[in-house]
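> Let me see the structure of the following:
(one chain, ligands or ions: 2)
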Amino acid sequence: MEESNVPVVDMEKIDCEKGECEKLRKACERWGCFRIINHSIPPTLMAEMKKVNEALHDLPFEIKKRNTEVIAGSGYMAPTAVNPFYEALSLYDFTSSQSLHNFCYQLHVSPHHSVSVDFDREIIERYGEAIHGLAVKIGQKIAESLGVVVDDLKDWPCQFRINKYNFTPEAVGSGGVQIHTDSSFLTILQDDENVGGLEVLNPSALFLPVPPFPGSLLVNLGDIARVWSNGRFCNLVHRVQCKEATKRFSIATFMLAPRNRNVEAPEELVDHDHPRLYRPFIYKDYRKLRVSNKMVSGEALELLRLA
Ligand SMILES: O=C(O)CCC(=O)C(=O)O
Ligand SMILES: [Fe+2]
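Ligands and ions are numbered 1, 2, ... in the order given. From the prediction side, this is the model:
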């Protein structure tokens with residue numbers, strides 16, 4: 001059966017209504033994504049963060065490329081032959097003030113430029129705090145939906161990436177970002193509230209356009225969620241297509257994986273009927289494996305498979 005709508009989860013109901021938790025678990029198992037409404041991020045902060053995204057991408061190329069990577073695949077991504085209309089800036093870890101400082105320092109511009117670094121920093125800081133709190137809450141609820149408590153979620157590194165799509169008339173009908181999964185445990189995406197283009201693989205394995213839904217956020221699961229859940233949850237396959245000749249902006253926060261311990265399914269999710277599927281590993285090593293083999297859609301998980 002073709003499924004035509006991404007599930008919507010109401011964050012105000014999630015603490016008290018069993019049906020909403022059930023919806024969350026089913027969305028993770030069948031889709032690997034859901035939209036959230038009534039979340040805790042103020043609309044004004046989302047709008048301010050979008051403005052910062054636009055302003056930082058207006059910086060000259062020489063400054064943007066100072067945003068160097070901390071782990072494989074973080075840092076400035078310039079347009080490439082595969083994704084010629086796409087570029088991104090990235091901050092490695094929202095939970096670290098040093099990381100935030102480095103990001104702002106790298107993008108520091110002269111006082112003559114229109115971007116005020118201090119002003120931007122304050123917005124990024126506020127957005128980071130709010131979105132990280134939300135990611136921890138969603139992570140806890142997802143774990144609870146399988147009867148598991150994860151007590152160190154708030155310490156998991158949380159990567160932040162601001163995306164820009166320079167869609168021209170020639171780009172219409174072609175790809176913005178190639179088909180991929182995220183390598184994270186979960187991603188919170190503030191997609192463009194006006195310009196569509198995001199497409200997700202639905203449970204019938206068809207790409208489904210996800211139209212803008214102003215005020216909401218899209219949550220999707222990545223490769224680590226598949227490993228952590230011992231194969232119960234889907235890592236969402238998705239892409240961005242160019243629908244119209246205009247600029248598109250999105251803001252992604254990736255709650256990655258445990259900081260100083262192995263990625264592995266907890267004991268509660270492993271038994272005779274559910275043997276452990278993946279060998280335990282360190283997240284940074286997995287990220288290197290993915291990047292060096294150019295395996296962008298979770299194929300690298302197969303290299304770690306036990307059963
Ligand atoms: O721009 C979007 O809507 C999606 C971006 C995305 O998939 C990513 O940053 O991993
Ligand atoms: Fe993605």
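
> and residue 270, how many neighbours?
The criterion is other CB atoms under 10 Å. On that basis, residue 270 has 14 neighbouring residues. For the C-beta atoms, the positions are set from N, CA and C on the backbone; glycine is no exception.

> Residue 101 and residue 248: what is the separation?
In this view, residue 101 and residue 248 are 29 Å apart by CB to CB, to the nearest Å.

> I should have written residue 184 there, sorry.
Here the distance between residue 184 and residue 248 works out to 21 Å (CB to CB).

> Neighbour count: the two, which is higher?
More neighbours surround residue 184 than the other of residue 184 and residue 248, with 27 against 24 (other CB under 10 Å).

> So, low pLDDT: which residues of this structure?
In the predicted model of the chain, residues 1-2, 109-119, 307 satisfy pLDDT under 70.

> That one: helices as residue ranges?
Listed in chain order, the helices found in the chain under DSSP state H are 18-30, 43-57, 61-64, 97-106, 117-144, 223-228, 283-292.

> The first one: which residues count as buried?
Residues of helix 18-30 classed as buried under the neighbour-count rule (16 or more other CB atoms under 10 Å) are 20, 21, 23, 24, 25, 27, 28, 29.

> doesn't residue 140 make contact with the second one?
Right, residue 21. No: because the distance of 11.3 Å does not satisfy CB atoms under 8 Å, residue 21 is recorded as not touching residue 140.

> In the stretch 201-307 of the chain, which residue sits nearest ligand 1?
The shortest separation between the stretch 201-307 of the chain and ligand 1 is 3.3 Å, found at residue 250 (distances taken as CB to the nearest ligand atom).

> mind checking which of the helices of the chain is nearest residue 37?
Ranking the helices of the chain by proximity to residue 37 (CB to CB) places helix 18-30 first, at 11.1 Å.

> just to revisit the earlier point, pipe the helices of the chain into JSON lines and attach distance to residue 254 per row.
Compiled in JSON lines, these are given as follows (distance: least, CB to CB, whole Å):
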{"stretch": "helix 18-30", "distance to residue 254": "16"}
{"stretch": "helix 43-57", "distance to residue 254": "15"}
{"stretch": "helix 61-64", "distance to residue 254": "20"}
{"stretch": "helix 97-106", "distance to residue 254": "13"}
{"stretch": "helix 117-144", "distance to residue 254": "9"}
{"stretch": "helix 223-228", "distance to residue 254": "10"}
{"stretch": "helix 283-292", "distance to residue 254": "11"}
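
> and among these, the most buried is which?
Per residue and on average, the most neighbours among the helices of the chain fall to helix 223-228, with a mean of 26 (mean count of other CB atoms under 10 Å).

> Kindly format the C-alpha coordinates of it as CSV.
Output for helix 223-228, consisting of C-alpha atoms alone and laid out as CSV, is shown next (Å, rounded to 0.1, in the frame of the first residue of the first chain):
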residue,chain,number,x,y,z
ASP,A,223,22.1,5.0,10.6
ILE,A,224,22.9,5.0,14.3
ALA,A,225,19.2,4.6,15.1
ARG,A,226,19.1,1.4,13.0
VAL,A,227,22.0,0.0,14.9
TRP,A,228,20.9,1.1,18.4
